[in-house]
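S.K.: Provided below are the primary sequence and the corresponding predicted coordinates.
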Amino acid sequence: MKTLIKLEEKKDVFIVNNIYEFLNPENVYIPLNNSNFNKKNYFYKDTFMADFVISVSGFFGGEEEMLLNGKRCQTIKINNDFKENKEFKKVKPKVKNIADLMQVINSNHLETLKEKIKALPQIDHLIVSCFDEEIYEMNEFMCLVENYKEILKLIDDLKKILSLENSILAIKNTNVKGIKKVKSISGVYPDLKVMLLPDKYLMSIPDNLTDYLNIPMENTLILTTNEIYELNEVLKGKSISEKYITISGNALKKSLIIKTKIGVSLKEIIQNFLKITTNDYEVYENGYLQGVKIKDLNKVVITHKTRCIVINKKEAKEQTECINCGACMKICPVYINVKKCYRQKLMSHRCLGCGLCDYICPANLALKEIVKGGNDEETND
Ligand code: SF4
Ligand code: SF4
């Protein structure tokens, strides 16, 4: 494994260490896809339409092209009538074994969790990671701080349900708030191992976590704090219609972590909570390094996959010729010959899209774009 590094963050980005809530939006958007619906239909909160959760109840408010997960998509707008959905009252499921657990996961469309469990022939170890994927992202961090009691209890329950050898909670050693809270009740769960790991970029990647913890990758289920939180919600008989996102950047007066309804437009969140201080800004969805650049911020819809939005002042970065410094190859965590891929416009299936090559390149070249999405497969490095 390559030595992980701590990335320098912009000094003028300060993320407020509290959760803000936006649970009563005016409208939500759901993908139209091939859904059958009548414009006079009433849309019920906590139901699904083409695997997308309807997070508020209300009537059809029109069709609109929006951006979902960075892609243009025709959507249905639902005008929130702020009514609770009594018709679809859920029952609290009883979970005694993995078959019961899978049934709950399937019926609640917890797709990532389902894929992770299905990919393992057997599960002996569970690692719950409180590491966020990107810089300027604090969802896992705050999810632990807000829900530590329920998270620890469910990890302990999963150890019994899945007959695990090991259950580990991996916390960033800089999450002082979370560490204090976990330590205050960890005595109740003597089987749970609480491990403090260095605050390094890409620690959230499964190989890096298992290497640091010296646990074999095979037979290890790695979940995030948010996945445990969501599983806990559905085990309580609730639906996953809300999520944590971080909205940050130096073009904002302040950066926030927000618990919001899924399907809300970013525009409505900004109108209610944030102030953009310049007209010359750039927006990234799901990360400054790994995410996609967004042209029209007003069209972005928060989906179940949205983790963070970065709104930064535009920087005038002048691109120059490659100076052959080799820094991109030195930093690449999967040992790709980035310089060669860039020159020959080759992509590599091994690229993680981590953005470290772009971050380090003194010539400001857009290397990731080529290596992750170039024309041909690289042959050898
Ligand atoms: S984006 Fe891809 S090529 Fe660039 S450093 Fe990350 S893994 Fe390597
Ligand atoms: S880091 Fe940039 S300038 Fe240096 S070798 Fe790689 S592509 Fe060339």
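M.R.: Right, received. Where do you want to start? Ligands and ions are numbered 1, 2, ... in the order given.
S.K.: quick one: stretch 236-246 to chain centroid distance?
M.R.: Stretch 236-246 has its C-alpha centroid displaced from the chain centroid by 13 Å (Cα atoms, centre = their mean, to the nearest Å).
S.K.: what are the ranges of the strands in the stretch 201-350 of the chain?
M.R.: Along the stretch 201-350 of the chain, the stretches classed as strands by DSSP state E, counting those that start in this stretch are 220-224, 242-248, 255-261, 281-285, 292-294, 300-301, 308-313, 346-347.
S.K.: The ones you listed into JSON lines, with extra columns for mean neighbour count, mean pLDDT and distance to ligand 2?
M.R.: Where C-beta positions appear, they are placed from N, C-alpha and C, glycine not excepted. Listed next are the strands of the stretch 201-350 of the chain as JSON lines, based on neighbours: other Cβ atoms under 10 Å; pLDDT from 0 to 100; distance: least, Cβ to the nearest ligand atom, whole Å:
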{"stretch": "strand 220-224", "mean neighbour count": "22", "mean pLDDT": "98", "distance to ligand 2": "31"}
{"stretch": "strand 242-248", "mean neighbour count": "24", "mean pLDDT": "96", "distance to ligand 2": "26"}
{"stretch": "strand 255-261", "mean neighbour count": "22", "mean pLDDT": "96", "distance to ligand 2": "29"}
{"stretch": "strand 281-285", "mean neighbour count": "20", "mean pLDDT": "96", "distance to ligand 2": "21"}
{"stretch": "strand 292-294", "mean neighbour count": "15", "mean pLDDT": "92", "distance to ligand 2": "20"}
{"stretch": "strand 300-301", "mean neighbour count": "24", "mean pLDDT": "98", "distance to ligand 2": "31"}
{"stretch": "strand 308-313", "mean neighbour count": "24", "mean pLDDT": "96", "distance to ligand 2": "21"}
{"stretch": "strand 346-347", "mean neighbour count": "18", "mean pLDDT": "94", "distance to ligand 2": "13"}
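S.K.: okay, these in a markdown table with distance to residue 323 next?
M.R.: Listed next are the strands of the stretch 201-350 of the chain as a markdown table, based on distance: least, Cβ to Cβ, whole Å:
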| stretch | distance to residue 323 |
| --- | --- |
| strand 220-224 | 39 |
| strand 242-248 | 32 |
| strand 255-261 | 34 |
| strand 281-285 | 25 |
| strand 292-294 | 25 |
| strand 300-301 | 36 |
| strand 308-313 | 25 |
| strand 346-347 | 20 |
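S.K.: Need the per-residue pLDDT for residue 375.
M.R.: For residue 375, the pLDDT comes out at 46.
S.K.: swap in residue 298?
M.R.: So residue 298 comes in at 96 (pLDDT).
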